[in-house]
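Novice: Everything below, folded, please.
(2 chains)
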Amino acid sequence: MSGITAYGVYIPRTRLIRSAIADANDWFDASLRGLAKGERSVCNWDEDTITMAVEAGQDCLSVLDADSVNALYLASTTLPFLDRQNSVVVSQALNLGDRLRTMDVAASQRAATSALISMLESGDVKGNSLLLASEHRRSKCGSRAEMLWGDGAAAVAVGSENVIAEYLGSESYVTDFVDHYRGEDSIFDYEWEERWIRDEGYMKSVPLAVNRLLEKTGVKASEIDRFVLACDQGRTPAAVAKAIGIAGHAVADSHIGDLGVAGVAHPILLLTEALENSKAGDLILLTGFGQGTDAVLLRVTDAIVHKRPRTGFSSAMSRRREDANYNKFLSFNNLVDRDVGKRGELDKQSYLAAMYRRKDLLTGFIGGRCRSCDTVQIPKEKYCVNPECGALDSQDDHPMSSVKGRVMTWTADRLTFDWNPPAYFGLVEFEGGGRLMMDFTEVESGTMDTGVEVSVHFRIRQFDNQRGFRKYFWKATPVQQ
Amino acid sequence: MASGIKDKVVILGMGCSKFGERWDASPADLMSEAFEECLADAGIDKNQIQMAWFGAGIDAYNVGSSAMPLSIALRLPNIPVTKVENMCATGTEAFRGAVYAVASGACDIALALGVEKLKDVGYGGLPQRTRGVENDLYWPNLSAPGAFAQLASGYRAKHGVDKGDLKRAMAHISVKSHANGAKNPKAHLQREITEEQAMNAPYIAEPIGLYDCCGVSDGAACAIVCTPEIARALGKADLVAVKALQLAASNGEEGGYNRWDGSYLKTTRIAAQRAYDEAGIRKPRDELSMTEVHDCFSITELVTMEDLQLSDEGQAVRDVLNGDFDADGRIPCQIDGGLKCFGHPIGASGMRMIYENYLQFYGRAGDRQLKDPRLALNHNLGGFPHQNICSISIIGRYD
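Specialist: I've put the predicted structure just below:
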């Protein structure tokens, strides 16, 4: 039996209140007011598709042996690099070693479901493959997309041992239906009329694929317990379900109101919620829409109760920070030409040879443990940092990305250039040894102090806008009580 | 066993430019301003200088690297010139090179000059700059005040000091330095401030406010040094001698090994003890007449009082508020205004401190003259609390 063996979720903490978007823009487009309900998730300035994928992957690995992962697929239409395999960056941040298959899957809102089908169809193989779906779509100021979309990432692992949702079959219907597109030189999507997309797209394409699958698997539409159709049209999933004969209560909430539609990641995000709320025997029908439809049928097993990831969907949803600062959202998404000051002008060239030499530290957050005195240290250097030891070349690799720490010294710096001032940073002392002067992120004003417990997170350190590059490193974030 | 530097070298002459926002002065202008004063004070001819050490702390910012900026600016007669750069300890490093050259007998008369031209970058604060190719990949996004502000969190956590009390002591430090700077015509900032102003200034890096930060200045300072015998032969009386010159550089332990608590400066403690030993000082609180310490930020001065053994550990807040280091206190600190108000042109600062010692010993300090000073300690700290270079010089009367 093969199927899904684990899942994980990451949703950025910041939730932009939609009324803030309407307040700023309804002078231009009064129709935005009608969409201004609830909130949407937004990436912090230092988050992107890669960093969110790492977080979702870590959540998934909280219930999956990292050594069992032999393939990693990253699905997104917003990959930070067009030519530099993004999935490799993610796999190294997850410390998955150097023997796995990696691949980026892109160019359609169906990317994640198509990748998932490929993984499920690859048969009973040893170990697990990991699908990470992550999306951080840019949208124009004051657009419907800006209102309805969100940012987020989800992970599912596929394997044949300890399966939590058995794979029953899949079907794809493929057609060049262009509801929207983004050309190679474009930043933003160009969309066609919503009603046409509904009538000629969702209402025709999804039933076609689903009915083929139901026929193939001998399952009746009325037997489906969870129907996942990610869609930024609020009422369309229910209409599609009705057309197929799926019960209304089986239709998964698209979470437009409290999350926003997170592109390629959204079907997988909704799947994780479906898994989280399922019991053994439940039938889950997952669809993916974009130039046709993918449909996947899964049956939940008894093992589901043992595979609750550390965070999961509902915890990721409830870990939120409300924000009404639309101007900040515009800044973080490069929708305004902000005066960053002369300190922001510093050349941020990345010296690739040096970066490669330091990749274990930079991407893996790997320190060293001294064989002579057992001292843990980060970075790993030639001589042991323990002044009573000082041994040469004595350190073994010591991954520290899952080690918690405590803040020793800190400040909130308003002089240095930062996209979200003040810049918080300080000296973090890790459990079991090792300390590092490092950046902090996701710090709530007034909550930082010596002794605060932190965990480390893979984030963007700097943008080199001159050369289209971005550097990543790990930052400390207060552990939420 | 090394005998140390005590009393082997004396100061023949010193000079210091006006510090400040010297918009119309080039690095060469600043160097010649300090040098001409120094040369006249030494009473020698330029051609009698046999070797020179040149300090500029922020490499390649306007002044340029290598020996040439100094040699060309002063038209030195093709003598050996060595460029030194050790962050905020640079000025003292240049001085150390010249003093050691004289002490070794390699030359009779040597020049040390430190300069910095910070106000050509177009914004306030120190220039934003690279920390090195690899460091830039993972060091935090920290400014100088951001690095030093962390001393406050470490100090508070260790000694259980109330936030408000610590901030008040920090304010007292700045108020005192402004009062001293107001009496110094060469100081960058010559205006007194109130404790209220210091307490209520906008934050730069919590809990450091605007008035907790030193001036970012242009300036140069220099010294001509020789042996006591040569100074006497040249007609110099009441000699001022070098008593100790020490340097301690971090090796990464504070920031990388789980021992240091973030409340003090390890290198300062080490360099201070070595300097006291070299100078033969057993009771610094009784023997020192004055200190010039690296008050880049008020919190640095506060913890430095303990690191130099001038306050008991955990008692600096009390001693500062008690006025122990005010102009009329038991050991005046920053009688010339300090980095805070005299200003902080990085490469010149260590030498500027020695310049003030020198003026005080010769009774040339004007309105801020101390009564019969005999022994002065100067302290510089380059880098960040968790990894830095500390230099200490002790200067005193040659008996």
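Novice: From residue B:36, how far out is residue A:301?
Specialist: Distance, residue A:301 to residue B:36, using C-beta to C-beta, to the nearest Å: 89 Å. All C-beta spots, glycine's among them, are computed from the backbone N, C-alpha and C.
Novice: Name the residue in the two with the higher neighbour count.
Specialist: Between residue A:301 and residue B:36, counted using other C-beta atoms under 10 Å in any protein chain shown, the more crowded position is residue A:301 (20 against 15).
Novice: For chain B, which element, helix or strand, carries the lowest mean pLDDT?
Specialist: One helix or strand of chain B scores below all others by mean pLDDT, DSSP states H and E: helix B:135-138, with a mean of 94.
Novice: Which positions within it qualify as buried?
Specialist: For helix B:135-138, burial by neighbour count (16 or more other C-beta atoms under 10 Å in any protein chain shown) applies to B:136, B:137, B:138.
Novice: among these, which are in reach of chain A?
Specialist: Applying C-beta under 8 Å from any C-beta of the partner chain, the subset of those adjacent to chain A comprises B:136, B:137, B:138.
Novice: Now do the SS call for the closest residue to the first one other than its chain neighbours.
Specialist: In other words, residue B:136. Excluding its sequence neighbours, the residue lying closest to residue B:136 (C-beta to C-beta, 6 or more residues apart in numbering or on different chains) is residue B:130, at 5.7 Å. Look at residue B:130: counting by DSSP: H, G, I helix; E, B strand; the rest coil, its state is coil.
Novice: so what's residue B:130 up against?
Specialist: By C-beta atoms under 8 Å, 6 or more residues apart in numbering or on different chains, the residues touching residue B:130 are A:346, A:347, B:136.
Novice: ok, so of these, who is nearest residue A:400?
Specialist: Of all the contacts of residue B:130, residue A:400 sits closest to residue B:136, with 20.9 Å by C-beta to C-beta.
Novice: Point out where the chain drops to low pLDDT.
Specialist: Here I'm looking at chain A. Along chain A, the model assigns pLDDT under 70 to residues A:124, A:481.
Novice: that's the other chain; I wanted chain B
Specialist: Within chain B, the ranges that satisfy pLDDT under 70 run B:59-61.
Novice: one more time with 80
Specialist: Chain B contains residues with pLDDT under 80 at B:1, B:59-62.
Novice: where's the residue at minimal distance from the centre of it relative to chain A, distance?
Specialist: With distances taken as C-alpha atoms, centre = their mean, residue B:350 lies nearest the centre of chain B, 3.4 Å away. According to C-beta to the nearest C-beta, to the nearest Å, residue B:350 and chain A sit 24 Å apart.
Novice: Quickly find the element holding that residue.
Specialist: helix B:346-361 (DSSP states H and E).
Novice: Check which element follows that helix along the chain.
Specialist: Next along from helix B:346-361, by DSSP H and E: strand B:375-384.
Novice: helices and strands around the helix or strand just after that next one, which ones?
Specialist: Downstream of strand B:375-384, the first helix or strand assigned by DSSP H and E is strand B:387-397. Judged by 3 or more C-beta pairs under 8 Å, 6 or more residues apart in numbering or on different chains; DSSP states H and E, strand B:387-397 is in contact with helix B:90-104, strand B:240-249, helix B:266-279, helix B:346-361, strand B:375-384.
Novice: any idea which of the ones you listed is most buried?
Specialist: Mean neighbour counts were compared across the helices and strands packed on strand B:387-397 using mean count of other C-beta atoms under 10 Å in any protein chain shown; the top stretch is helix B:346-361, at a mean of 29.
Novice: Looking at the stretch 1-150 of chain A, which residue is nearest chain B?
Specialist: Per C-beta to the nearest C-beta, residue A:46 is where the stretch 1-150 of chain A lies closest to chain B, at 10.3 Å.
Novice: Let me see the contact set for that residue.
Specialist: Residues counted as contacts of residue A:46 (C-beta under 8 Å, 6+ apart) are A:419, A:420, A:441, A:459, A:460, A:461, A:475.
Novice: related to what we said a few turns ago, tell me the one of the contacts of residue B:130 nearest residue A:73?
Specialist: The closest of the contacts of residue B:130, once distances to residue A:73 are taken by C-beta to C-beta, is residue B:136, at 32.3 Å.
Novice: Tell me which residue lies farthest from the centre of chain A.
Specialist: residue A:388 (43.7 Å).
Novice: got the contact list for residue A:250?
Specialist: By C-beta under 8 Å, 6+ apart, the neighbours of residue A:250 are A:224, A:225, A:226, A:227, A:241.
Novice: got a winner among those residues for most neighbours?
Specialist: Comparing the contacts of residue A:250 by number of neighbours (other C-beta under 10 Å), residue A:227 comes first, having 27 neighbours.
Novice: isn't it right next to residue A:242, touching?
Specialist: No - the pair residue A:227 and residue A:242 does not pass the contact test of C-beta atoms under 8 Å, sitting 10.5 Å apart.
Novice: if we can go back for a sec, out of the contacts of residue A:46, grab the one that's most surrounded.
Specialist: Among those, residue A:475 has the most neighbours (other C-beta under 10 Å), with 26 neighbours.
Novice: A strand includes residue A:103, no?
Specialist: Yes - per three-state DSSP, residue A:103 lies within a strand segment.
Novice: Beta-bridge partners for the nearest residue to it once chain neighbours are set aside, please?
Specialist: Leaving aside its sequence neighbours, residue A:103 sits nearest to residue A:73 (C-beta to C-beta, 6+ apart; 5.1 Å). As for beta bridges, residue A:73 partners with residue A:103, residue A:131 under DSSP bridges.
Novice: Same question for residue A:437.
Specialist: residue A:427.
Novice: Repeat that for residue A:413.
Specialist: Residues in beta-bridge contact with residue A:413 (DSSP bridges): residue A:423, residue B:205.
Novice: Show me what from the stretch 201-350 of chain A comes close to chain B.
Specialist: Applying C-beta under 8 Å from any C-beta, we find that the stretch 201-350 of chain A lies next to chain B at A:341, A:342, A:343, A:345, A:346, A:347, A:348, A:350.
Novice: Give me the phi and psi for residue A:311.
Specialist: Main-chain torsions, residue A:311, degrees, to the nearest 10: phi -110, psi -70.
Novice: Next, find the distance separating it from residue A:479.
Specialist: 12 Å.
Novice: neighbour-wise, which of the two wins?
Specialist: residue A:311 (21 against 12).
Novice: Give me the nearest residue to that one, chain neighbours excluded.
Specialist: Nearest non-adjacent residue to residue A:311 (C-beta to C-beta, 6+ apart): residue A:59, at 4.7 Å.
Novice: Would you state the helices of the stretch 51-200 of chain A in chain order?
Specialist: Ranges of helices in the stretch 51-200 of chain A, per DSSP state H, counting those that start in this stretch, are A:86-93, A:111-121, A:144-148, A:194-196.
Novice: So for the second one, what gets flagged as buried?
Specialist: The one in question is helix A:111-121. In helix A:111-121, counting by 16+ other C-beta under 10 Å, buried: A:111, A:112, A:113, A:114, A:115, A:116, A:117, A:118, A:119, A:120.
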